[in-house]
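Engineer: Show me the folded form of this:
(3 chains)
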Amino acid sequence: MPELPEVETVRRGLQPALESARLTSVEARRPDLRFPFPERFAERLTGARVEAVERRAKYLLMPLDTGETWVTHLGMTGRFSIERRGDAEAPGRFHNAAPAEDRHAHVLLETDGGARVTFFDARRFGYMGLIATAKLQAHPWFAGLGPEPLGPEFTAAHLLRRFAGRARAVKPLLLDQRIVAGLGNIYVSEALHRAGIDPRAAGGSVTPVRLKRLVEAVRAVLEEAIQAGGSTLRDFSNAKGELGYFQHRFRVYDRANAACPKPRCRGVTRRIVQGGRSTFYCPVCQR
DNA sequence: CCCACGACCTGTGGGC
DNA sequence: TGCCCACAGGTCGTGG
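Structural biologist: All right, here's what the predicted structure looks like:
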């Protein structure tokens, strides 16, 4: 589900409950998500102190005082909720089922600070790992990742180098986490629209000037989305059950056959399929 | 290497 | 109302 802005929103929600807290109770209620849980997963987490709550690309990273880092990828539908121990079952909230009765509540944790943290994932495309912190960067999940789109290494020069000679369309190239890490289907469509670039254009054909516009558009849309608490399509919420609202500011995503929102553009937005995934764009102002 | 596609899994919304 | 299909924010493996 979540792209970088949603993962960052989750990170910010988890931080107050988990950073510096000790995990007093951990239960994995099934043997696997997308992949099997690590060996003795609950035992290795129980008693550990969480030193920080960080994000790399779409991964949540929680380095522990045991020397390992607890890594979570939310996949398409993964989410966390936080309650205070002893809370009534959060009546009236977006997610109001008691976690233990929810068939998709896969990991239950408690902290010495009195928080109950639950991980849900209906489709189970998410996954968790425990990786030696000193070897994190060399781990296959991280070794090949491209730069953070909000970091200093994500530049027009970087894209120029990585797109050179590529016949593949720019849209699927931007979804490749080895080129830039954290974008997904929504924000790629949004950034290409803002930059006025045709998603079908061959990567290697995009000029440096346009790549610079693209880099700026990616940064802008991600920053605005983080500011808005991410986007809520079907079921995304932050850890407190609050909805993101950036979906109201989509310019093209999920808006096929609507008037292009760009000032003075007379185009109508279209939905096409690239690499099996929907792309939304305006054929008039994206060339 | 490059690329498109199916697979993984469940839920939901729209059309009939 | 009810059923069925298409599609969903992500990646990974396969095969051409």
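Engineer: Residue nearest the middle of chain A, spatially speaking?
Structural biologist: residue A:3 (2.8 Å; CA atoms, centre = their mean).
Engineer: Contact partners for it?
Structural biologist: By CB atoms under 8 Å, 6 or more residues apart in numbering, the residues touching residue A:3 are A:58, A:182-187. Where C-beta positions appear, they are placed from N, C-alpha and C, glycine not excepted.
Engineer: Ok, residue A:194 next?
Structural biologist: Residue A:194 makes contacts with A:217, A:220-221, A:251, as judged by CB under 8 Å, 6+ apart.
Engineer: sorry, back to before: just the contacts of residue A:3: which are in strands?
Structural biologist: Among those, DSSP state E puts none in strands.
Engineer: can you pull the buried residues of stretch A:207-214?
Structural biologist: Neighbour counts over stretch A:207-214 (16 or more other CB atoms under 10 Å) mark A:210-214 as buried.
Engineer: residues in contact with that stretch?
Structural biologist: Applying CB under 8 Å, 6+ apart, the contact partners of stretch A:207-214 are A:156, A:159-160, A:163, A:191-192, A:195-197, A:206.
Engineer: biggest separation within these, which pair?
Structural biologist: For the contacts of stretch A:207-214, with distances taken as CB to CB, the pair at the greatest spread is A:160 and A:196 (17.6 Å).
Engineer: Now do the same contact list for whatever residue of the stretch 51-200 of chain A ends up closest to DNA strand C.
Structural biologist: The minimum distance from the stretch 51-200 of chain A to DNA strand C, using CB to the nearest atom of the strand, falls at residue A:184 (1.9 Å). Applying CB under 8 Å, 6+ apart to residue A:184 gives the contacts A:2-4, A:58, A:175.
Engineer: Tabulate those in CSV, adding columns for secondary structure, pLDDT and distance to residue A:276.
Structural biologist: Listed next are these as CSV, based on DSSP: H, G, I helix; E, B strand; the rest coil; pLDDT from 0 to 100; distance: CB to CB, whole Å:
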residue, secondary structure, pLDDT, distance to residue A:276
A:2, coil, 92, 20
A:3, coil, 96, 17
A:4, helix, 97, 21
A:58, coil, 98, 19
A:175, helix, 98, 11
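Engineer: near DNA strand C, from those?
Structural biologist: For DNA strand C, the contacts drawn from the contacts of residue A:184 by CB under 7 Å from any atom of the strand are A:2-3, A:58, A:175.
Engineer: can you pull the contacts of residue A:20?
Structural biologist: Contacts of residue A:20 (CB under 8 Å, 6+ apart): A:49-51.
Engineer: What of residue A:53?
Structural biologist: Counting by CB under 8 Å, 6+ apart, residue A:53 touches A:11, A:14-15, A:18-19, A:60-62.
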